[in-house]
Every structure is written in structure tokens, then in C-alpha cells.
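Undergrad: okay, here's the prediction I keep looking at, along with the sequence it came from:
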Amino acid sequence: MPSRQIADNAEELWASVDSYLDKLLLSPDPLLQSALDAGSAAGLPAISVSPLQGKLLEILAQTQSARRILEIGALGGYSTIHLARALPPQGRLITLELEPRHAEVALANIARAGLSHAVELRLGPALDSLLQLQSEGVEPFDLVFLDADKPGYPHYLTAFLPVCRPGTLILADNVIREGKVIDGSSSDPNVQGVREFLALLAGDPRFSSTAVQTVGSKGHDGFSISRVLSL
Ligand code: SAH
Ligand code: DHB
Ligand code: MG
């Protein structure tokens, strides 16, 4: 059997298992579904975290007792809603988004989910917003979810570290890229971005890090998970 065919079957299997787990473990959630529907109606790319991954974000934020969450890359606010739902009553999430069209959809979805009081969206290049947060001397974040442009990842890490604390949990999406992450000679700027990001985490005693490969409805990818040990 040609290897291409094996790969196609594998992707189908991963998607079927995701569908099985989704139906088994997740309750139907009309607000989350309408957030995805609004995104696709507005022509946003279908690159939100999967429902199962969203639930993982929610559980990790709860386990971390996160009161302050920073998200980099909102798109239509699907992951934002998962994370914001994990906040305690006085908790706050700040999400950074470059594209006005994405921001508009995200804000409408967040409002429909009844989370506007807890979420602030800052429009513009994430790096500018991160420098702005630094200069405001904001309270440190308990959890950072990094999911914007991949070439920016190393720069974002450096820029959000000053608004972290020992114990901050840093999650970064899409660091495996169908395995392309292992190709050091790749000319893909996304691959080079996540490689530099992982190298920064690896070479720095201020972080304790791992990464988890994932397969499912979004193919083969993965998250890095880091704990800030010291600043
Ligand atoms: N976290 C979202 C998906 C984010 S997709 C979810 O899972 O639901 C990546 C987002 O990052 C896109 O909306 C894109 O517009 C945004 N983005 C890309 N470059 C950016 C930049 N320089 N600053 C801020 N956001 C950026
Ligand atoms: C893309 C971005 C993401 O954050 C993701 O989870 C999947 C795909 C992309 O830009 O193609
Ligand atoms: Mg992503």
C-alpha cells in the first residue's frame, strides 16, 4: 500500500476518534457552536483549537486557578471563550489580535457567550500590545496561551515574560506542524519560528518545559507546556 494512502487513512482515523471523544465527553454547547458558525459565516479560517483542545485549555486554566489570562491570537474568540469560562468571578482575560475583522467577530462571540465583562481585546500587532502591557506594569498573568503568527513566537516569549511570575503556565499551539518541526533546514518561516521558540524555552533555566504531540481533527500537531520557575 502506498504510504500516501496509509497517511490519508490515518488522518481519517484521527478525525473519527476525535468525533467519538467529542460526542462522548463534551456536552452540546450552542454558544461555542455559534461562535464557530459566526466565524465561518464571516469567512474566517477554520483554524480554532478543536472542541477537545478547547476543553483541555479550560481544564488547565481551572487547574492553574488562573485569575489572569493572556491570549495571543484571538481569531473569532473560540479559544478565548473556553479560557474565559475557567476564570473565577473577578478574573480577567486579555486577548491580542491583529486583524480588525477577526476582532469584530471575536467580540460579538464573546458578548453572546456573556463574557464581555471578563475579556478585553487589544487590537494591533501582538508585539506592540505586549510592550504596552509591560509599560503599564500590569499584574502578572497566571496563564499565557500563545496562538498567533508562528514566526512571532520567539519575540512574543521574550515580550510577555516580564508580565509573568514564577508559576505562570505557558501553552503554545502548533509547535509540531505535521512533524516538520524536526527539519532544521526547513525554509518555512513557521517551522523556523516554532523551532526558535522551543530552543529559547530549552536553553533557559527559568523554564520547565514539555511538549505533547497531538493527532485529531486538526491533523498532526501539538502544544508546548512550560512553567515559569523564576524571572
Ligand atoms: N486562538 C484562536 C485561533 C487563533 S488563529 C482559537 O483557537 O480560537 C491566529 C490568530 O492570530 C489570527 O486571528 C491572526 O489574525 C492572529 N495574528 C496573526 N498575526 C498576529 C500579530 N502579529 N499580532 C496579533 N495577532 C496576530
Ligand atoms: C494555523 C494557525 C493556527 O493557530 C492553527 O491552530 C492552525 C493553523 C494557520 O495559520 O494555518
Ligand atoms: Mg493554533
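TA: Received it, and whenever you're ready, just let me know what you need. Just so it is clear, the structure is predicted and the values come from calculations on it, not from any experiment. Ligands and ions are numbered 1, 2, ... in the order given.
Undergrad: going by C-alpha atoms from here, please, whenever you check contacts or count neighbours.
TA: Fine.
Undergrad: does residue 60 belong to a helix or a strand, and which?
TA: With elements delineated by DSSP states H and E, residue 60 resides in helix 51-63, which encompasses its position.
Undergrad: gap between stretch 10-26 and the chain center?
TA: Distance of stretch 10-26 from its chain centroid, counting by Cα atoms, centre = their mean, to the nearest Å, is 20 Å.
Undergrad: quick one: contacts of it?
TA: Where contact means Cα atoms under 8 Å, 6 or more residues apart in numbering, the residues beyond stretch 10-26 that reach it are 51, 52, 215, 216, 217, 218, 219.
Undergrad: hmm, which of those residues are the buried ones?
TA: Neighbour counting by 16 or more other Cα atoms under 10 Å classes 51, 52, 215, 216, 217, 218 among these as buried.
Undergrad: so which residues of this structure form helices?
TA: For the chain, the helices defined by DSSP state H cover 3-25, 30-41, 51-63, 78-85, 100-112, 126-136, 153-160, 189-202.
Undergrad: can you say which of these is packed in most?
TA: Among the helices of the chain, ranked by average contacts under mean count of other Cα atoms under 10 Å, first place goes to helix 78-85 (a mean of 26).
Undergrad: does it reach ligand 1?
TA: Yes - judged by Cα under 6 Å from any ligand atom, helix 78-85 and ligand 1 are in contact via 78, 79.
Undergrad: quick one: list the elements packing against that helix.
TA: Helices and strands touching helix 78-85, by 3 or more Cα pairs under 8 Å, 6 or more residues apart in numbering; DSSP states H and E, are helix 30-41, helix 51-63, strand 68-72, strand 92-97, helix 100-112.
Undergrad: adding mean pLDDT and distance to residue 176, write these out as CSV.
TA: Shown next, in CSV, are the helices and strands packed on helix 78-85 (pLDDT from 0 to 100; distance: least, Cα to Cα, whole Å):
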stretch, mean pLDDT, distance to residue 176
helix 30-41, 98, 24
helix 51-63, 98, 15
strand 68-72, 99, 18
strand 92-97, 99, 23
helix 100-112, 98, 25
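Undergrad: format these as CSV; extra columns: distance to residue 17.
TA: As requested, the helices and strands packed on helix 78-85 are exported to CSV (distance: least, Cα to Cα, whole Å):
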stretch, distance to residue 17
helix 30-41, 19
helix 51-63, 11
strand 68-72, 28
strand 92-97, 31
helix 100-112, 28
